[in-house]
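Asks: Turn this into a structure:
(chains A and B)
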Amino acid sequence: MNQNSKEKLNGVFASIKAEADRRFKQMKGDDRHNIFIGMATCGLASGAMEVRAAFEEALSETKVNAHIIPVGCLGHCYAEPLVIVDKPGSPPILYHDMTPGKARLLVKAFLEEGDPVFEHVLGAMEENDTIPSVLEFPRFSRENKIVMANSGVIDPEDVYQYIERGGYWALVKALTLAPEEIIEEILESGLRGRGGAGFLTGLKWRLVRDAREEDKIIICNADEGDPGAYMDRALLESNPHQVIEGIAIAAYAVGARRAIIYVRAEYPLAVKMIKNAIDQSKEIGLLGKGILGTNFDLDISVFQGSGAFVCGEETALIQSIQGKRGMPQPRPPYPSQRGLWGKPTVVNNVKSMASIPPIIEHGARWFRGIGTAKTPGTAIFSVVGNILHAGLVEIPMGVTLRVLIFDICGGIPDKKKFKAVQIGGPSGGCLPETFLDTQVDFDSLTEAGAMMGSGGMVVMDEDACMVDVARYFLDFTQKESCGKCTFCRIGTKHLLDILERITRGEGREGDIELLEDLSLDIREGSLCGLGKTAPNPVLTTVKYFRDEYEAHVREKRCPSMMCRALIAYYIDLEACARGCDACVGSCPTESIFTTEDRKKAIDQTSCVRCGECMTSCPPEYNAVRKVSPPALAPKIERPREG
Amino acid sequence: MDHTRETEEEALLNDIASMLAAFEKERANLIPILQMIQERHHYLSASALQMVAKHLGVSGCEVYGVATFYNQFRFYPPGKHRIRVCLGTACHLRGGDIILENFERKLGIKEAETTADREFSIDRVACVGCCALAPVAIIDDTVHGHMAPSKVEGLILGFEIEKQREKRGKQHGESKQ
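Replies: Have a look, this model is predicted:
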């Protein structure tokens, strides 16, 4: 395939761009108000649908010329539902925690009367003289959005909005270059696969380009199975076209005419958005036969994964597309040599694909200027758990964990202490406070014993039991082990059994050493990344929080009071208010009874230790206590009936 | 009751048979076919799996092996109201297992089961991607964030009241006629 004439391509694209500009002008029309509502999954879960309905109803009763534009995810999940109101003559303003009531208020007060209702404003979306900008908050200003730059501000169902903001320009530019030049540029940029392993994307492309087989395939891996990570979903839901553009550039560079996007079926909205985006691009000649008047053809299809964590591994993913169980295959041959249907195949993560257009547009040197020397570019983390400003954060590689957790995401809520951060999901590890100055990039995190993985980051405060956290992840990997390798299949089962008995208070002397030995064996004896990394949560928690394991095994005590078999709740009779019934109704097992002097006590034999009584006890009494080991709770007999 | 279940199964198989025709007899179509059946009927019955095996010319155990490998597929009919409790990392840290346990206790069934009257079924899901709202439960298509044991009680009660109201409405309608 030869490079195409610049003039001709620019000419074809100019008419598409002109249409995008025309539509944008119409949208920004003189007296037109635009209301952008974040309607990705997390927004919907927080009630964006009800907010939209309230806006629609209120707008139908007013004369203001206003339009609702559904957009994707800004990444600020803690403040959802988010709404941006763009009123002519005022900077666009971001409103947080929207409710139907606030929606009606905004239409009346702001749209009709011009009062922006300051108490509900999060900030203005751009610098101005009247309203403080969101850029004054580190949660906004410290981010550097490359991949998610357009997420949450454009309508994912409208290809023209993406084009108006410079979308598909990189594809036009790429088509004027020789494929080899593109690969050189991507190599030069130092982009490393964002799926977790960090392999150089350009190198992968070159291997596939150089393969002798004519028919080549691109797979975009959006099988995000890591519990606690959802940036791939957010990206597909918020800006599917950037992913498509990246795939198209990759296909042109390696000489592929077919591409498959592998999306989890658990993400119905993402599937809908990406399918719609493919259709739209095809319609205006950005995909399909003879793209933009060149002789480059590309057909993109969507394959829905069926929920198997191991299918994030490229060879397992390929098996699954071929209609088999998703079991990893030995490498070599690598997919770049023999992949889907035996053809040379590029498998790239969604974020890698979405990083391609900005690199082509601004050049490798620009990309290298962001992040660290060994890992240029940005990292997207989903920071969740015990954290104030949870959500998706895109930061340059190399920022330290401390800055990310405390400065950008606001630290731990409720004045609690930081205990650990779990990075990389079930394959990653837990890092304690001493590692807070670790930089986030592939190599530093792996060195520390965690893993970049897919970017899931769970922050834990002092109430999290590290033994239980390890048990939780092993429970996950054990269920998801495909069963191929003995060490992974049976070894993880044994790890889980040991961890379960420790959290039940039945741990034995020597269990901790057994955990360590077994972990190392599983790491050695497994074929794929799932097995090799499955022991990481155990190894890191044993290494950094050994005292907690010892307390469980030797004293049958859970220091964080989280393992339910090792705790008990009781009511402090001194503090309990005579005649108060608040806890009684909250107990799901009717375990709370009235003592002879009309105070309350808990029947330990039927209590399930859910903690509801503690929540429901009025703060002025605060009479419910939690102890570990359970023997510390005083025994109070239920008075005989009658 | 048994009679209605039989005809139900028959209708289901007829529907699958008509849909299968659209799929080429290629092994690669196995997962898309299973997804199609699950989407239309919400579960894969044993006879449906047999039918798929026959269509693709592979053994029944091969189809069963693939179907059970993936978490998405279920092998029993779900309840009218589907309860899914998220047990992702963030939900786990905030007591997702306690929420699951409360649903199980309240309905008298375990996860991956359906109540005898087919009103409710409970499943656990790995992560629904709303970690900031943990713990989360999804009932039918509504996501309920910041769940608590007392909310479980209220939600189930809500469904029961609605059902009784419907019943009364029906009786009322009938008596009018």
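Asks: how is the chain carved up into domains?
Replies: Defaulting to chain A. A:31-136, A:159-368, A:378-461, A:466-555, A:567-632 (automatic domain parsing).
Asks: Chain B, not that one
Replies: If you go by automatic domain parsing, chain B breaks into B:2-69, B:81-176.
Asks: Just the terminal-to-terminal distance for stretch B:13-31.
Replies: Start and end residues of stretch B:13-31 are separated by 18 Å (CA to CA, to the nearest Å).
Asks: List the contacts of that stretch.
Replies: A:304, A:306, A:320-324, B:32-33, B:36-37, B:40-41, B:47-48, B:51-52, B:55-58, B:63, B:66, B:70 (CB atoms under 8 Å, 6 or more residues apart in numbering or on different chains). For every residue, glycine as well, the C-beta is placed using N, CA and C.
Asks: which of the residues in that stretch are buried?
Replies: If you call a residue buried by 16 or more other CB atoms under 10 Å in any protein chain shown, then stretch B:13-31 has these buried ones: B:13, B:16, B:20, B:23, B:28-31.
Asks: same check, this time on stretch A:609-618
Replies: A:609-614, A:616-617.
Asks: And stretch A:159-166, by the same measure?
Replies: A:159-165.
Asks: burial measure for residue B:134, as a count.
Replies: By the criterion of other CB atoms under 10 Å in any protein chain shown, residue B:134 has 26 neighbours.
Asks: Residue B:88 is in contact with that one, correct?
Replies: Yes - between residue B:134 and residue B:88 there is a contact at 7.4 Å, judged by CB atoms under 8 Å.
Asks: which residues are in contact with both of these two?
Replies: In contact with both residue B:134 and residue B:88: residue B:96, using CB under 8 Å, 6+ apart.
Asks: So stretch A:437-456, near chain B or not?
Replies: Yes - using CB under 8 Å from any CB of the partner chain, stretch A:437-456 reaches chain B at residue A:456.
Asks: Alpha carbons of that stretch, as PDB, please.
Replies: C-alpha atoms of stretch A:437-456 as PDB (Å, rounded to 0.1, in the frame of the first residue of the first chain):
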ATOM      1  CA  ASP A 437       6.700   7.700  47.200                       C
ATOM      2  CA  THR A 438       6.800   5.100  44.500                       C
ATOM      3  CA  GLN A 439       6.200   6.500  41.000                       C
ATOM      4  CA  VAL A 440       3.400   5.100  39.000                       C
ATOM      5  CA  ASP A 441       4.900   3.400  35.900                       C
ATOM      6  CA  PHE A 442       5.300  -0.100  34.800                       C
ATOM      7  CA  ASP A 443       8.800  -0.700  36.100                       C
ATOM      8  CA  SER A 444       8.600   1.000  39.500                       C
ATOM      9  CA  LEU A 445       5.400  -0.700  40.400                       C
ATOM     10  CA  THR A 446       6.600  -4.100  39.400                       C
ATOM     11  CA  GLU A 447       9.700  -3.500  41.400                       C
ATOM     12  CA  ALA A 448       7.700  -2.700  44.500                       C
ATOM     13  CA  GLY A 449       5.800  -6.000  44.200                       C
ATOM     14  CA  ALA A 450       2.600  -4.600  42.700                       C
ATOM     15  CA  MET A 451       1.700  -4.200  39.100                       C
ATOM     16  CA  MET A 452       0.400  -1.600  36.800                       C
ATOM     17  CA  GLY A 453      -2.100  -4.100  35.400                       C
ATOM     18  CA  SER A 454      -5.100  -2.500  34.000                       C
ATOM     19  CA  GLY A 455      -5.000   0.400  36.400                       C
ATOM     20  CA  GLY A 456      -7.300  -0.600  39.100                       C
END
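Asks: and it, average pLDDT?
Replies: For stretch A:437-456, the mean per-residue pLDDT is 89.
Asks: buried stuff in it?
Replies: Result for stretch A:437-456 [16+ other CB under 10 Å]: buried residues A:438-442, A:444-446, A:448-456.
Asks: now do stretch A:589-605
Replies: A:591-592, A:595, A:599-602, A:604.
Asks: for that stretch, how far is the first residue from the last?
Replies: The straight-line separation of the ends of stretch A:589-605 (CA to CA) is 11 Å.
Asks: what sits up against it?
Replies: A:568-571, A:573, A:576-581, A:583-584, A:606-608, A:613, A:623, A:630, A:633, A:635-636, A:638-639, B:105.
Asks: Now that stretch: average pLDDT?
Replies: 92.
Asks: From chain B, how far off is the closest residue to residue A:374 other than its chain neighbours?
Replies: The shortest distance from residue A:374 to any residue other than its chain neighbours is 6.0 Å, reached at residue A:443 (CB to CB, 6 or more residues apart in numbering or on different chains). Residue A:443 is 24 Å from chain B, where distance means CB to the nearest CB, to the nearest Å.
Asks: Give me the three-state assignment for residue A:443.
Replies: helix (DSSP: H, G, I helix; E, B strand; the rest coil).
Asks: what's it in contact with, if anything?
Replies: When contacts are counted by CB under 8 Å, 6+ apart, residue A:443 touches A:198, A:374-375.
Asks: Now list the buried members of those residues.
Replies: Applying 16+ other CB under 10 Å to the contacts of residue A:443 flags A:198, A:375 as buried.
Asks: Let's see which of the contacts of residue A:443 end up in strands.
Replies: Using DSSP state E, no member of these falls in strands.
Asks: quick one: low-confidence ranges for the chain?
Replies: Assuming you mean chain A. When residues are selected by pLDDT under 70, those of chain A lie in A:1-3, A:641-642.
Asks: You answered for a different chain; I wanted chain B.
Replies: Residue ranges of chain B with pLDDT under 70: B:1-3, B:129, B:174-177.
Asks: Report the contact partners of the residue nearest in space to the middle of it.
Replies: For chain B, the residue sitting closest to the mean C-alpha position, by CA atoms, centre = their mean, is residue B:78 at 3.5 Å. Listed by CB under 8 Å, 6+ apart, the contact partners of residue B:78 are B:42-43, B:114, B:121.
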